[in-house]
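Undergrad: here's my sequence, what's the structure:
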Amino acid sequence: MTQVTINVNGKPMSGTVEGRTLLVSFLREQLGLTGTHVGCDTSQCGACVVHVNGNAVKSCTMFALEADGAEVSTIEGQAAPDGTLNTIQQAFQDHHGLQCGFCTPGMVMSAAALLKDNPKPSEAEIREYLQGNICRCTGYHNIVKAILAASGQDTGAIAAE
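TA: Purely as a prediction, here's the structure:
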């Protein structure tokens, strides 16, 4: 067992882990941050996306020890301290970019990474970027609309499905 300390959503958090403990397990089981979902355990679905040192990472593919000393942002850290939704979260709500909600944390975290690197992505760029995230409910149309809206772009141009 090894001590790991990670700055999660701006707060230092520590725990003791085995070398094989995945970051997603550490976040959920030891830190109680259950917003990061485990959908597949095989890096296919993207429900576990978090940001590590500013980069989008599937937390089911990273050991907690690899994140020792890192800055980690999870879905719990996206809203304002008073609980109001950030721009991306609000756009997902306003444009019905979720149904069951299981993929939503990973989608929001992926969208945040995309918009950080590409503030005005096209519909095609959004769809390409989200290839690592699986949604079984919405068919992606409203998710793409939400990301376009969060980037300040007109969503009327996106073709109806």
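
Undergrad: what residue ranges in this structure score low on pLDDT?
TA: Applying pLDDT under 70 to the chain picks out residues 159-161.

Undergrad: residue 26 in helix, strand or coil?
TA: helix (DSSP: H, G, I helix; E, B strand; the rest coil).

Undergrad: who are the neighbours in contact with it?
TA: Residue 26 sits next to 4, 6, 15, 17, 64, 67 when contact means CB atoms under 8 Å, 6 or more residues apart in numbering. No exception for glycine: its C-beta is placed from N, CA and C like everyone else's.

Undergrad: how about those in a markdown table, adding secondary structure, distance to residue 107 and neighbour count?
TA: As requested, these are exported to a markdown table (DSSP: H, G, I helix; E, B strand; the rest coil; distance: CB to CB, whole Å; neighbours: other CB atoms under 10 Å):
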| residue | secondary structure | distance to residue 107 | neighbour count |
| --- | --- | --- | --- |
| 4 | strand | 27 | 22 |
| 6 | strand | 23 | 22 |
| 15 | strand | 27 | 17 |
| 17 | strand | 27 | 21 |
| 64 | helix | 23 | 27 |
| 67 | helix | 21 | 23 |
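
Undergrad: report the two of the residues you listed separated the most.
TA: 15 and 67 (11.2 Å; CB to CB).

Undergrad: what do the two both touch?
TA: With CB under 8 Å, 6+ apart as the test, residue 15 and residue 67 both reach 4, 26.

Undergrad: same question for the one helix or strand residue 108 maps to: list its buried residues.
TA: Here residue 108 sits within helix 104-117, counting by DSSP states H and E. Within helix 104-117, the residues that qualify as buried are 104-115, counting by 16 or more other CB atoms under 10 Å.

Undergrad: for stretch 7-16, same thing?
TA: 8-9, 13, 15.

Undergrad: ok, back up a step: now, which of the contacts of residue 26 sits nearest residue 49?
TA: Closest to residue 49, out of all of these and judged by CB to CB, is residue 67, at 13.8 Å.

Undergrad: isn't residue 36 right next to residue 75, touching?
TA: Yes: using CB atoms under 8 Å, residue 36 is in contact with residue 75, at 6.3 Å.

Undergrad: got a markdown table for the buried residues of stretch 7-16, with distance to residue 135 and secondary structure too?
TA: Listed next are those as a markdown table, based on distance: CB to CB, whole Å; DSSP: H, G, I helix; E, B strand; the rest coil:
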| residue | distance to residue 135 | secondary structure |
| --- | --- | --- |
| 8 | 26 | strand |
| 9 | 24 | coil |
| 13 | 29 | strand |
| 15 | 31 | strand |
